[in-house]
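> Take this sequence and fold it.
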Amino acid sequence: GTPISDYFGYRSCAGCSTDHQGIDYTPGNGYPIPAIADGVVSQTGNPSGALGVFIVIDHMIDGQLVSSVYAHMQLGSLNYAVGDTVRRGDIVGLVGDTGQSTGPHLHFGILINDVATDPYAWLNSHVNM
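Model prediction:
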């Protein structure tokens, strides 16, 4: 039910990457961001480069290493550190506008064995939407 402002793959826009490795959700500035599954935090940036304030959570799903990426969060909203255990639904941070961003949104990515994959397609095949 959350609006999507940009999809995975090639895009053409001023000031953004042409190879978009995620989807952008626009629920509103400050909206809480839940983790998609149980896992362990493998990376954070507070803020760090193009992703701004971000977190990466590693999950074992269907026997595969799946990493979920949540980026552009509000400064000071990151709730976890590397090595922390996260449960599905835990709030990892708040939607923001940090890093290389065109406005408040959540950049959400999925990595399968460290390779970016279309998060929308992956969610459709693994989550009851």
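> Assign a three-state SS to Thr44, would you?
strand (DSSP: H, G, I helix; E, B strand; the rest coil).
> Contacts only, for it.
Applying Cβ atoms under 8 Å, 6 or more residues apart in numbering, we find Thr44 in contact with 54-56, 78, 80-82. Glycine gets a C-beta too; all of them are placed from N, C-alpha and C.
> Mind picking out the helix or strand in the protein with the poorest mean pLDDT?
Lowest on mean pLDDT, DSSP states H and E among the helices and strands of the chain sits strand 9-10, with a mean of 52.
> follow-up on the earlier one: of the contacts of Thr44, keep whichever come out buried.
54-56, 78, 80 (16 or more other Cβ atoms under 10 Å).
> would you list every one of the helices in this protein?
For the chain, the helices defined by DSSP state H cover 119-126.
> pretty sure Pro119 is touching Phe108, no?
Yes: with contacts counted by Cβ atoms under 8 Å, Pro119 reaches Phe108, the gap being 5.5 Å.
> Touching both of the two, which residues are there?
22-23.
> Check the protein and tell me which residue is nearest its centre.
Tyr70 (2.2 Å; Cα atoms, centre = their mean).
> Need the pLDDT of Ala50.
At Ala50, the model reports a pLDDT of 84.
> thinking it is in contact with Gly99, fair?
Yes: contact criterion Cβ under 8 Å: Ala50 and Gly99 qualify, at 5.2 Å.
> Sort out for me which of the contacts of Thr44 are in strands.
Per DSSP state E, strands hold the following members of these: 54-56.
> now, among these, which is nearest to Gln74?
Of all these, Phe54 has the smallest distance to Gln74: 11.5 Å, by Cβ to Cβ.
> was I right about the closest one contacting Ser67?
No: counting by Cβ under 8 Å, Phe54 sits too far from Ser67 to count as a contact (11.7 Å).
> neighbours of the nearest residue to Tyr31 once chain neighbours are set aside, just the number please.
With sequence-adjacent residues excluded and distances taken as Cβ to Cβ, 6 or more residues apart in numbering, Tyr31 is closest to Val95, at 4.4 Å. Neighbours of Val95 under the rule other Cβ atoms under 10 Å: 23.
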